[in-house]
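Student: Sequence first, then the predicted structure, then my questions.
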Amino acid sequence: MKKIMASVMCGLFPFLVMGQAASELAIANVVYQGRMPCELGAFVTVTADPTAPGFFDVHIKRDKYKMYPVATSTGAIRLEDRQAGAVWIQVANKSMLMNQKLGKRLADACMSPEQAAVTDALIRTPVPNILDAPALNATN
């Protein structure tokens, strides 16, 4: 009976089994999906796993990773495949795929259409650099 229950739990509730919380499941809702072009002509494809809510299949060339969200303190979106050592990091204007076991980036500057729009907006209207701010007048 315990084996049957463990099998059911693994299949139906992977987040509970892996210790994932509702916050990680919420992160999954903001992961960009699709085939994304990256620098040097590479492509990464991110698709939601229809059988495991919150999990994603991440493909690059012949490699495939099964990833799940991990909360971060910075607000960046982070997906991990701990067994393979792969990490997908998504910020507002780009994403990157790294392999921690190999100690290298597999793909960098990957952009969904939404991220490309943010990049274009930053080029047109750069964020002011705090070092370039006008100096305060000593008399104020």
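Tutor: Looks like it came in fine.
Student: quick one: the strands in the protein?
Tutor: Counting by DSSP state E, the chain has strands at residues 34-37, 43-48, 56-60, 63-70, 77-81, 86-90, 95-99, 104-110.
Student: For residue 25, which of these is the nearest?
Tutor: Of all those, strand 63-70 sits nearest to residue 25, with 7.4 Å by CB to CB. For every residue, glycine as well, the C-beta is placed using N, CA and C.
Student: Which of the strands of the chain sits closest to residue 122?
Tutor: Here strand 104-110 is closest among the strands of the chain (CB to CB), at 13.3 Å.
Student: Any buried residues in the closest one, and which?
Tutor: Within strand 104-110, the residues that count as buried by 16 or more other CB atoms under 10 Å are 106, 107, 109, 110.
Student: which residues does the nearest residue to residue 36 once chain neighbours are set aside contact?
Tutor: Spatial nearest neighbour of residue 36, chain neighbours left out: residue 110 (4.5 Å); criterion: CB to CB, 6 or more residues apart in numbering. Shown in contact with residue 110 (CB atoms under 8 Å, 6 or more residues apart in numbering): 36, 37, 38, 39, 42, 44, 94, 95, 96, 97.
Student: rerun at 7 Å
Tutor: Under the criterion of CB atoms under 7 Å, 6 or more residues apart in numbering, the neighbours of residue 110 are 36, 37, 38, 44, 94, 95, 96.
Student: isn't the second one right next to residue 43, touching?
Tutor: Yes: in this structure residue 37 lies within contact range of residue 43 using CB atoms under 7 Å: 5.8 Å.
Student: still on that earlier bit, kindly indicate which of the buried residues of strand 104-110 lies nearest residue 120.
Tutor: residue 109 (13.8 Å).
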